[in-house]
Each structure stands twice: as C-alpha cells, then as structure tokens.
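>>> need the 3D shape of this:
(one chain, ligands or ions: 1)
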Amino acid sequence: HNLAFQDLGFDACYTRYLLENGEKLKETFFTLGLKGINITVPHKEHAYNACDVLDPFAKKVGAVNTIVEKEGKLYGYNTDAPGFLKAISEFKEVKTVLFLGAGGTAQSTSTILRDEGYKVTLLNRSSPRLEKYKKEGFKTFTFDDFIPNTYDLIINMTSAGLEDDSLPAPKEILDGVIPKTKACVDVIYGKETPFLKLAKTHAKPTKDGSDMLLYQGIIAFDYFTDHTYTFDAIKDHMQKAFSL
Ligand code: NDP
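I've put the predicted structure just below:
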C-alpha cells in the first residue's frame, strides 16, 4: 500500500495496529483519526458490526475486511472474496470446485463462487464447521464419508502446509481427485506447500495465494483512494512490493 501511495503521489500512510478488543474498533478508528483500514482475523465480524453502511456482498457474508470513513460514517466492504475470484479467473472453463477446508477464508470465497455460478463442494477434516455450509445448500464431506467426483479446480483453503509439512487431506484422497482436475490452487503464499508439490507430481498447473493477497489489496486501495486510479495502475506499483 505504501509503495503504491508513494508512486501514485497519494498523501497517505498504511501501518499496523494491534486491536486487543474488537468491540472498540469504531472508537479506536475515530480516536486514531483514520480514513481507512483493513481488518484481519479475528476482527472481521466486529468490523461488520462497526459499519454504518455495508456493501451488499459484505452484508451477505457477515465479514468486513476494509472500512472507509466518509463524512463521519463508516462504509464496510469485503475485498477478500473478489480478490480471490479475480485470482482464479485465469483458469478457464471452470464450473466445479473442490474446497479443502471450511474455515473463515472458505466462507466468503465459497459464497462469491456460488454467486458467480460455480458449483462448490467442501471437504473438511472434521464435521462441525461443515454444518453452516450444509444449511446453505453446499455439498459437504468429511474425510470419512467423501464420495469423490470430478472437479475442475481443487483449492486448499486450510492452513495445512503453512507452518508444517502436512497435506490438507489424506494422500489417498488427493491422489484420487487430483489426476482428474484441471489445476490446483493454494491460498497459502510465499512457499510451495506440500499440496502444490503433490499437484506438480501429477503434472497439474498450480497457483499459490500471492495473487489473492495482491488483488484484495488492490481492491481495498481502490476504496481507500475513492476510485481515483485504475486496477492496473495500482497493480503496477503494488506488486513491486513482492520483490522487495
Ligand atoms: P481457519 O482457522 O478459519 O480454518 C482452518 C481450516 O483448515 C479448517 O477447515 C480446519 O479444519 C482446516 N485445517 C487446519 N489445519 C489442518 C490440517 N493440518 N489438516 C487438514 N485440515 C486442516 O483458517 P482461515 O480460513 O482463516 O485461513 C486458512 C488459510 O488461508 C491460512 O493458511 C491463511 O494463511 C490463508 N489465507 C490466505 C489469504 C491470501 O490472501 N492469500 C487470505 C486469508 C487467509 P477443522 O475444521 O477440522 O479444524
């Protein structure tokens, strides 16, 4: 963000703040005299509650990761899911998607994919988190009751492989579905996960979570700067940060 602010000549500074109590988000925003913020885990629901005006998609998923202040009111958006959607849009003719994992990241991304006409199936290690998805009409499985199908894309939505060498699902399951998929995607960025390594052994195209991270940032930047620049202009400057 700072690189893009500087390069584009926008007078702003992006920094971090540790919010201990999510209930105090709104008060803290005004006390610090901010104009815009990104909110990350575990405060995305508090951010949702703090807003005066919600973007329809943020309202639908109940999670806000970007807030902008205008005339004393807080406007809330979710840029995670549109960023993710743009990141996977390079894969063409995709209709069916298998999500490995059913946590916070899967929540907004499964909704946007469904809104866009994709058919999303969720496979999770345990059943509690799947209940919500089941109620919303998604097809869900645990490792124990999984009935494999053919999926155009398989996406690791878990933190498996982030700080360890684990796969997001048992290897037997993955070896059964990966050969029939078009590509494998991971939301983890900055390293090649065991999941993406396994996908490569099956000669599948892979993609990590860097573009998802970049694109949610670009969309947030667009809100922060009130649509002053094009997506590509922001991208040109912001993506340089990855190679610093
Ligand atoms: P959550 O803690 O909300 O969800 C974790 C999910 O992962 C659950 O479904 C959990 O299953 C599953 N899981 C965790 N560890 C394992 C494991 N060892 N084996 C199998 N399943 C496992 O996490 P988030 O949704 O917040 O984040 C998920 C990932 O997304 C993280 O790695 C994060 O870094 C990444 N991320 C990337 C972004 C980007 O911009 N690229 C943005 C946001 C997140 P169970 O229900 O059984 O516990």
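>>> can you give me the strands in the chain?
36-38, 53-54, 66-70, 73-77, 96-100, 119-124, 139-142, 153-156, 183-186, 206-207 (DSSP state E).
>>> pairing partners for the last one, with directions?
Pointing back at strand 206-207 there. Here strand 206-207 has these sheet partners by DSSP bridges: strand 183-186 (parallel).
>>> near the ligand at all, the strand it pairs with?
No - shown here: strand 183-186 not in contact with the ligand (C-beta under 6 Å from any ligand atom), separated by at least 8.3 Å. For glycine as for every other residue, the C-beta is placed from the backbone atoms N, C-alpha and C.
>>> before we move on, back to that, so can I have JSON lines of the strands of the chain showing mean neighbour count and mean pLDDT?
Output for the strands of the chain, formatted as JSON lines (neighbours: other C-beta atoms under 10 Å; pLDDT from 0 to 100):
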{"stretch": "strand 36-38", "mean neighbour count": "22", "mean pLDDT": "98"}
{"stretch": "strand 53-54", "mean neighbour count": "15", "mean pLDDT": "98"}
{"stretch": "strand 66-70", "mean neighbour count": "20", "mean pLDDT": "98"}
{"stretch": "strand 73-77", "mean neighbour count": "19", "mean pLDDT": "98"}
{"stretch": "strand 96-100", "mean neighbour count": "24", "mean pLDDT": "98"}
{"stretch": "strand 119-124", "mean neighbour count": "22", "mean pLDDT": "98"}
{"stretch": "strand 139-142", "mean neighbour count": "18", "mean pLDDT": "98"}
{"stretch": "strand 153-156", "mean neighbour count": "26", "mean pLDDT": "98"}
{"stretch": "strand 183-186", "mean neighbour count": "24", "mean pLDDT": "98"}
{"stretch": "strand 206-207", "mean neighbour count": "19", "mean pLDDT": "97"}
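>>> redo those strands as JSON lines? Include distance to residue 192.
Shown next, in JSON lines, are the strands of the chain (distance: least, C-beta to C-beta, whole Å):
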{"stretch": "strand 36-38", "distance to residue 192": "26"}
{"stretch": "strand 53-54", "distance to residue 192": "37"}
{"stretch": "strand 66-70", "distance to residue 192": "29"}
{"stretch": "strand 73-77", "distance to residue 192": "31"}
{"stretch": "strand 96-100", "distance to residue 192": "16"}
{"stretch": "strand 119-124", "distance to residue 192": "21"}
{"stretch": "strand 139-142", "distance to residue 192": "26"}
{"stretch": "strand 153-156", "distance to residue 192": "12"}
{"stretch": "strand 183-186", "distance to residue 192": "9"}
{"stretch": "strand 206-207", "distance to residue 192": "8"}
